[in-house]
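Structure here, sequence nowhere to be found:
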């Protein structure tokens with residue numbers, strides 16, 4: 001299953017935002033183990049670096065980004081993603097870009113803490129808890 005993680009899910013984990021960090025960590029561990037194919041939008045990576053650099057410094061921020069790159073594939077933000085986002089009906093452009101990047105990598109779903117922000121999504125959208133429940137219903141590959 002190909003799942004694109006919204007920026008807020010990754011930040012919940014990295015910034016230990018409670019009570020959201022634990023389900024985010026569990027889902028990320030499934031990506032790390034190869035149980036799911038995890039994707040991040042390219043803009044998520046730049047946003048995380050920018051925010052992390054302010055809080056933990058440039059060296060640690062780069063370390064965090066390297067860790068994420070070792071776990072996740074990256075969904076590009078190209079002309080098609082940006083034009084699709086402009087044509088879409090999303091209220092928030094950033095969410096629209098993330099959605100289009102997910103579509104372009106043929107993601108099966110988007111995981112976010114703000115499911116309501118993706119009402120216009122053509123893809124299924126789940127919270128971390130919903131995705132974890134869904135994954136428990138599907139047997140893991142051996």
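Received it, and whenever you're ready, just let me know what you need. For clarity, every value in this text was computed on a predicted model and none was experimentally measured.

Now residue 25: closest residue in space, sequence neighbours ignored.
Leaving aside its chain neighbours, residue 25 sits nearest to residue 13 (5.3 Å; criterion: CB to CB, 6 or more residues apart in numbering). C-beta coordinates here come from the backbone N, C-alpha and C atoms, glycine included.

Repeat that for residue 51.
Distance criterion CB to CB, 6+ apart; nearest residue to residue 51, sequence neighbours excluded, is residue 11 at 7.1 Å.

so how many other residues sit close to the one you found?
Neighbourhood size, residue 11 [other CB atoms under 10 Å]: 20.

That one is in contact with residue 17, isn't it?
Yes - assessed by CB atoms under 8 Å, residue 11 is found in contact with residue 17 at 6.9 Å.

What's the mean pLDDT across stretch 115-129?
Computed over stretch 115-129, the mean pLDDT rounds to 96.

What residues sit buried inside that stretch?
Of the residues in stretch 115-129, 117, 118, 121, 123, 125, 126, 127, 128, 129 count as buried by neighbour count, 16 or more other CB atoms under 10 Å.

closest to residue 4 among the residues you listed?
Nearest to residue 4 among the buried residues of stretch 115-129: residue 123, at 8.2 Å, using CB to CB.

returning to what we had before: which one of the buried residues of stretch 115-129 is nearest to residue 21?
Nearest to residue 21 among the buried residues of stretch 115-129, with distances taken as CB to CB, is residue 128, at 9.8 Å.

need the contact list for the closest one.
Residue 128 is in contact with 9, 20, 23, 24, 26, 27, 111, 113, counting by CB atoms under 8 Å, 6 or more residues apart in numbering.

do that again at 6 Å, thanks
23, 24, 27, 111 (CB atoms under 6 Å, 6 or more residues apart in numbering).

top of those residues by neighbour count?
residue 111 (30 neighbours).

Give me the residues contacting stretch 4-22.
In contact with stretch 4-22 (CB under 6 Å, 6+ apart) are residues 24-25, 28, 39-40, 44, 47, 75, 102, 107, 110-113.

now do stretch 33-52
Contacts to stretch 33-52, defined as CB under 6 Å, 6+ apart, come from residues 1-5, 7, 30-31, 61, 64-65, 72-77, 98, 101, 105, 140.
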